[in-house]
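Peer 1: What follows is a protein structure lacking sequence information:
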Ligand code: GLN
Ligand code: ZN
C-alpha cells in the first residue's frame, strides 16, 4: 500500500481516498434538547401517535443535531449515532442478530422495540451498564441459529439524510470486537468472540457498500479494547483490523477507543492498515503514543475534551498536550474523549447557575465549541485562539481559588476522624446491644424503603414546583402519605417499618439539593436507557451538610408507631456514581466528604431516637474500574467511605445497607468489609446463590436476600417465598436472616404491593412456625 500526500492533504491509497479531518466529536446525544424523543417514543408505545409522526420527530432531531455540529465548525460529523432506543441494539439489528423470539413481530421498528422492552409474550433483552457510565445497553443474544447478515437500512438512511443536508457525514458503528465482547451466547451458541470471522464478513460488506456510496470515513467504536473484558485485546484488534483494513475497497477507517488507556491494543492497531486511531486523553494519559512508531502514518484522533463529565477544558493545557502529540504522529485531529451522549445538551438551558460555576462548565454544545477552538489553535498556533485561552485560564484560576472548593473545617474534621480510627464495637457485641433494644422476632420482616409513588405524590411535587401550593401544604400532603404507609405496614404486620420516601424525587438528587457543594440542574437530562433520562447533580465543591436532611420525616413516621422505623439515607458511593463529580481531586477524597455529611445525618437520627438506619449503596458495583489493576484501590476507598458514613453511631443503633445487583462477583469481599449489621440484597432471581458466596467471603452479619422480584408486576405466592426462605436457612442461621423484597417498591402499584407483602408476612410466619 502506498501513501501519497498531495498538496491539499488529500491522501490516496490503493483502497481509499480521503482527507484527514481536524475537528470532530465521537457521537452526540439523541434524546432531544427537551427530551423530544423520549416523549415521542413513549407516545408511540402508548398508541398516541403513529409511525409517521414518530419518524418525523426523529428526523427533526437528527437534522437539528447535524446542523448544530456542522455550523459550529466540525469538519467531520458523526452520523448513525441517533437511536430510537440503544446503539448496541441498533448494531444487533444491523447484523441481523435480534433474538428469534421477536421474529414474528410484523414490523421492523416494532420488532426492534419488542427486543428492547418485551411485551406480554416476549421477554426483553437483558440490559446492563455501558462500561463504567450510567448509560445502559441491551445485551445481544447470539444463539446457534444466529446467522449474521447485513441489514444496512438505518445507516444508509441516515447517511443519505445527512448528505442531503450537506453534512460532512462520518457513519459510526459499534465495532465488531466490542459488539461480540458485549454479547452473550444463548441456546447452544458458541462463545461470541469465536464468531469474529463470520461477523467480519458482514462488516466487510458494510464497508464495501459505504465505499460504493462514496463515504470518505467510517468510525468503528471499540471501547472494549481499553478494558479487561477481553484478555487478548491486542490480538483481537489486530485480527479484526487487518481484515477490514485489507479490504480491496472501503472508506478510510477510524477506530475509536474510549473510557480508558489503550495498552497492548495501541501498537496492535497501529500495525494494521486503518487510517485513524482515537485515544481517550481524559481517562488515559496518551503517554504510550510516542512509543509507537507506526502511528507516524496515522491520523491520531485526540479525545482531549471530556465527553462524559461537565467541566470546561483547560485550553492551555490541552493545546500543550496536542502539540506534543503532533510531534509523534502524522496528523492530529481534536475530538471529545467519547460520545457526548453522557452529558446534557447545553448550558443555555440552565438559567440558575451562578456566574462562577457557569464559567467552569461545558455541556455538549459547549464542548463542540472547545473542540473547534483547539483544532484552530493546533492549526494556526496559540495566538489564533488567545482570547479563548485567556477566558479558559481565568476560569481555571477562579475555580482553583474559589472558597467553595476548599472548606477547611470539612477537611480537618475528616482528617481527625480518620486519624482517631474510631470504630464501632465488634459485630457480635453490636448484635446483642441491638437485640436488647429492638426485641425483634426471628426472621424480621421489612421493606427496602420506598412505597409506590402515587399520583397524589406526583401532583403535590408538580404543584410545589409550579408555585400553586406552598411548602407547608406540600409537607402536609407528604405527611399524609407517610401516615398511610405506616398504617398499611402495621396492618400487614411488618416488623421494621419505613416512611416510604414520598418526599424523594430521586435517591441522589434529594440529598444533592440539600448539601453544599452540589448544584442540581433544571434541565441537565442525560439518557440512562431507552426513553429513561436522569438528571445527575453536579458535585463541584467541598461537601457539607448545613442542616439535617431527613430527620423531620423519619421522626414524624416514628411518632405514629411503636414499631421501629428505619432512617433512610443514600450512601457516599452511590451519590458519587449518580452525579457529575469534580475532576480536581481524587474521587476517594470526594467520597470521604460525602461520607462525612451522611455520618452527620446518622448521628442526628440517632439523637432523635431512631434505632435503625439504612444507608443504601446500590451503586457499589457500578463504579468498579474497567481495569483489574485499579479494582483493589477502588474497593478500599469505597469501603472506607461507607464505614466513615456509618461508624459515628452507638453499637445499639442498627446499620442496614441495601445493594441492588445479584451478580456481586468481584465486590463480594467488599460487602463483608462494609460491616453493616444487616445487608439486604437482590437475590430473588439468583436463587440464594449469593448467600453461599457471601459465606465464602467471610460475611457473618445479618442478611436479607430479597424473597421476591419487585421488577415484575407478578404477585409472589406464600409457598414460593416460604421455600426461598427455607432455602436461605440452609446457608444462614435464623438469627441472621431477614425477610424482605429485593428492592424498593416505588415503581409498583399499591394493590400489587399490598398483596405481595401480605404473602411475604405469611411466608415468614409459616417458616417461623417451623
Ligand atoms: N431505599 C431505596 C428505595 O427503596 C433503594 C433504591 C435502590 O435500591 N436503588 O427505593
Ligand atoms: Zn435495590
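Peer 2: Everything's here; your move. Keep in mind the model is a prediction, meaning the values are calculated, not measured. Residues are numbered from 1 along each chain as shown. Ligands and ions are numbered 1, 2, ... in the order given.
Peer 1: Identify the residues contacting residue 149.
Peer 2: 95-96, 202 (Cβ atoms under 8 Å, 6 or more residues apart in numbering). Where C-beta positions appear, they are placed from N, C-alpha and C, glycine not excepted.
Peer 1: Show me which of these is closest to ligand 1.
Peer 2: The shortest gap between ligand 1 and any of the contacts of residue 149 belongs to residue 95, at 33.8 Å (Cβ to the nearest ligand atom).
Peer 1: which non-adjacent residue is nearest that closest one?
Peer 2: With Cβ to Cβ, 6 or more residues apart in numbering as the criterion, residue 95 has its nearest non-adjacent residue at 4.7 Å, and that residue is residue 148.
Peer 1: related to what we said a few turns ago, inside helices: which ones of the contacts of residue 149?
Peer 2: Residues of those located in helices (DSSP state H): residue 202.
Peer 1: Can you select the buried ones among the contacts of residue 149 for me in PyMOL?
Peer 2: Only the buried entries of the contacts of residue 149 go into this PyMOL selection, using 16 or more other Cβ atoms under 10 Å:
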select buried, resi 95+202
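Peer 1: Please produce TSV containing the contacts of residue 149, extended by distance to ligand 2.
Peer 2: Conversion of the contacts of residue 149 to TSV gives the following (distance: Cβ to the ion, whole Å):
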residue	distance to ligand 2
95	34
96	36
202	39
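Peer 1: May I see the contacts of residue 149 arranged in a markdown table, with distance to ligand 1 and pLDDT as well?
Peer 2: Rendered in a markdown table, the data for the contacts of residue 149 read as follows (distance: Cβ to the nearest ligand atom, whole Å; pLDDT from 0 to 100):
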| residue | distance to ligand 1 | pLDDT |
| --- | --- | --- |
| 95 | 34 | 98 |
| 96 | 36 | 98 |
| 202 | 39 | 98 |
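Peer 1: picking up where we left off before, distance check, the residue nearest to residue 95 against residue 748.
Peer 2: Between residue 148 and residue 748 the computed distance is 39 Å (Cβ to Cβ, to the nearest Å).
Peer 1: List the beta-bridge partners for residue 518.
Peer 2: For residue 518, the residues forming beta bridges with it (DSSP bridges) are residue 539.
Peer 1: Check it and give its pLDDT.
Peer 2: According to the per-residue confidence, residue 518 scores 98 in pLDDT.
Peer 1: And it, how close does it get to residue 597?
Peer 2: If you measure residue 518 against residue 597 using Cβ to Cβ, the figure is 10 Å.
Peer 1: intersection of neighbour lists for these two?
Peer 2: Both residue 518 and residue 597 are in contact with residue 543, where contact means Cβ under 8 Å, 6+ apart.
Peer 1: Give me the mean pLDDT for stretch 326-342.
Peer 2: Mean predicted confidence for stretch 326-342 is 93.
Peer 1: Give me the buried positions along that stretch.
Peer 2: Neighbour-count burial for stretch 326-342, counted by 16+ other Cβ under 10 Å, picks out 328-342.
Peer 1: Repeat that for stretch 280-294.
Peer 2: For stretch 280-294, the neighbour count (16+ other Cβ under 10 Å) marks 280-284, 286, 288-289, 292 as buried.
Peer 1: quick one: what helix or strand has residue 415 in it?
Peer 2: Element membership for residue 415 (DSSP states H and E) is helix 408-420.
Peer 1: Would you mind listing the outside residues contacting that helix?
Peer 2: 542-544, 592-593, 596, 599, 644.
Peer 1: Any chance of CSV for those, columns distance to ligand 1?
Peer 2: Listed next are the contacts of helix 408-420 as CSV, based on distance: Cβ to the nearest ligand atom, whole Å:
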residue, distance to ligand 1
542, 26
543, 21
544, 23
592, 22
593, 22
596, 21
599, 18
644, 20
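Peer 1: mind checking how far the residue of the chain found nearest ligand 1 is from ligand 2?
Peer 2: Nearest to ligand 1, among the residues of the chain, is residue 744, at 2.2 Å (Cβ to the nearest ligand atom). From residue 744 over to ligand 2 the distance is 6 Å, taken as Cβ to the ion, to the nearest Å.
Peer 1: before we move on, what SS does that residue have?
Peer 2: For residue 744, the assignment made with DSSP: H, G, I helix; E, B strand; the rest coil gives coil.
Peer 1: nearest residue to it other than its sequence neighbours?
Peer 2: residue 450 (3.7 Å).
Peer 1: Look at the one you found and say how many residues are nearby.
Peer 2: Residue 450: 22 surrounding residues under other Cβ atoms under 10 Å.
Peer 1: and what of the one 4 residues further on?
Peer 2: By the other Cβ under 10 Å criterion, the neighbourhood of residue 454 contains 17 residues.
Peer 1: quick one, what contacts the residue in the stretch 351-500 of the chain that ligand 2 sits nearest to?
Peer 2: In the stretch 351-500 of the chain, the residue found nearest to ligand 2 is residue 448; the distance is 5.9 Å by Cβ to the ion. Going by Cβ under 8 Å, 6+ apart, residue 448 touches 498, 616, 658, 680, 740-745.
Peer 1: So for it, what's the pLDDT?
Peer 2: In the predicted model, residue 448 carries a pLDDT score of 98.
Peer 1: which phi and psi does it have?
Peer 2: Dihedral pair for residue 448: phi -90, psi -20, per degrees, to the nearest 10.
Peer 1: okay but residue 235 is in contact with residue 268, surely?
Peer 2: Yes: Residue 235 is in contact with residue 268 according to Cβ atoms under 8 Å; the separation is 7.1 Å.
Peer 1: The two: which has the busier surroundings?
Peer 2: The neighbour count for residue 235 versus residue 268, taken as other Cβ under 10 Å, is higher for residue 268 (24 against 14).
Peer 1: any idea where the helices of the stretch 551-700 of the chain begin and end?
Peer 2: 551-559, 572-577, 587-607, 631-646, 668-674, 689-696 (DSSP state H, counting those that start in this stretch).
Peer 1: So which elements touch the fifth one?
Peer 2: If contacts are counted by 3 or more Cβ pairs under 8 Å, 6 or more residues apart in numbering; DSSP states H and E, helix 668-674 sits against helix 631-646, helix 689-696.
Peer 1: Tell me the helices and strands packed up against the last one.
Peer 2: Other helices and strands packing on helix 689-696, by 3+ Cβ pairs under 8 Å, 6+ apart, are helix 668-674, strand 702-705.
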